[in-house]
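> Structure, please.
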Amino acid sequence: MRKKIAVFALLLVFITGMAFAEASSGNKEIEVAYRDISVLVDGSQISPDAEPFIYEGRTFVPIRFVAEALRENVTWDQEKYQVRIAQPLILDETFNGKTIYISKDFQLFTIALAGNPTTGYSWQVKDFDHAFLKAVGEPLYQSETSTVPLVGQGGTFFFSFLTQGKEGEVKLEFAYSRPWESVPPEKEFSITVKIGVPGVPISLKEEDSGSAVCLSLDKDTLNIVLPGNPSTGYSWEIVSCDGSILSMTSEDPFFEAESEALGAPGTYTFKFAPISLGKTDLRLIYVKTGESGPPEKDFSLKVGVF
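All right, here's what the predicted structure looks like:
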């Protein structure tokens, strides 16, 4: 079967890692062939929302569905006409009880939990609101070695989730247990997913330390508001951040005192904007000028730009 269709851009390649594809302007009528093409990812068939076709001897498939089936994050920039593909944020057990801030516009993230199925234990995700998140594929398990695994060796369970275009808040809860036992789980893990609107600044406070943030390139900004008092000689300093991925929008943080009283405490506001695709650990410490030793306070985030 052959059909004529008008297309804006044809995307043939699938790119792993951090990359983007850019479309050119203009419309073109082309003649394509449909052959009931099946798309299998790791042996499992997926059903794209647009049928794959053949054009000039090449097979074209919807890039979003293939990328997401391979657990890659895909974003579309309407202004630049760019498709961006990147590995999602992967959050381990250190994020237990924490929060991830992410866009409603079909952003993907992964939870990685250590376990050992040879003991009969496995991680299971409890039911959650599917109006906000979709589980991508079945959970994956990977042993600690990439070669032939040792008998009884442990590894990691991977769970991937995709936002569904709806703003809101969801709590994901996991239990590590033996399915046939009616006893409390050996371990538990939970994370709160706060799903926001792209372009609305994400503002975090001291209690958000240890969280994760997904930012859309050229859309999102990040504000961090931390308590402090410069009259004591203490101030907040950035000690870890990849400036090629995330950068402050001004040279110095803004300090606002809570009152006009001399020496009054207040808040420091750090404003950041994403610069390029990638991931970075952001860490700030509250220290006294000229003194060594551990910081008085510590604030950290895992940030991904997509």
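> In the protein, where is pLDDT below threshold?
Residue ranges of the chain with pLDDT under 70: 1-26, 42-43, 77, 146-151.
> Please enumerate the helices of it.
Secondary structure of the chain (DSSP state H): helices located at 63-69.
> what's the burial count for the residue nearest to Phe161 when sequence neighbours are not counted?
Taking C-beta to C-beta, 6 or more residues apart in numbering, and ignoring the residues beside it in sequence, Phe161 has Leu133 as its nearest neighbour in space, at 4.7 Å. From N, CA and C alone the C-beta is placed, and that goes for glycine too. Counted with other C-beta atoms under 10 Å, residues neighbouring Leu133 total 21.
> Next: Ser259.
If you count neighbours by other C-beta under 10 Å, Ser259 ends up with 9.
> What are the neighbouring residues in contact with the closest residue to Tyr234 other than its chain neighbours?
In space, and not counting its chain neighbours, Tyr234 is closest to Lys288: 5.0 Å by C-beta to C-beta, 6+ apart. Lys288 makes contact with Thr232, Gly233, Tyr234, Glu296 under the criterion C-beta atoms under 8 Å, 6 or more residues apart in numbering.
> Make JSON lines out of these and add neighbour count.
Formatted as JSON lines, the entries for the contacts of Lys288 read as follows, by neighbours: other C-beta atoms under 10 Å:
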{"residue": "Thr232", "neighbour count": "11"}
{"residue": "Gly233", "neighbour count": "11"}
{"residue": "Tyr234", "neighbour count": "17"}
{"residue": "Glu296", "neighbour count": "14"}
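> thinking again about what came up before, correct me if wrong: the residue nearest to Phe161 contacts Lys194.
No. If you go by C-beta atoms under 8 Å, Leu133 and Lys194 don't touch, sitting 11.7 Å apart.
> so what are the domain limits for the chain?
In the assignment given by automatic domain parsing, the structural domains of the chain cover 2-86, 89-196, 202-305.
> quick check, nearest of the contacts of Lys288 to Ser190?
Glu296 (29.4 Å; C-beta to C-beta).
> Now do the phi/psi pair for that closest one.
Comment: the main-chain dihedrals of Glu296 come out as phi -70, psi -40, following degrees, to the nearest 10.
> excluding its backbone neighbours, what's nearest it?
What sits nearest to Glu296 in space, not counting adjacent residues and going by C-beta to C-beta, 6+ apart, is Tyr286, at 4.7 Å.
> So in terms of bridging, what pairs with the residue nearest to Phe161?
For Leu133, the residues forming beta bridges with it (DSSP bridges) are Thr163.
> Could you shift the numbering so residue one becomes 5, and keep it that way?
I'll keep to 5 as the first residue from here, and by that count the last item is Leu137.
> Show the contacting residues for it.
Leu137 makes contact with Phe165, Leu166, Thr167, Gln168, Val174, Leu176, Val197 under the criterion C-beta under 8 Å, 6+ apart.
> Verify the stated contact: the fourth one with Phe136.
Going back to what we said before, that points to Gln168. Yes. Using C-beta under 8 Å, Gln168 makes contact with Phe136 at a distance of 5.9 Å.
> gap between the two ends of stretch 39-54?
Length of stretch 39-54, first residue to last, C-alpha to C-alpha, to the nearest Å: 13 Å.
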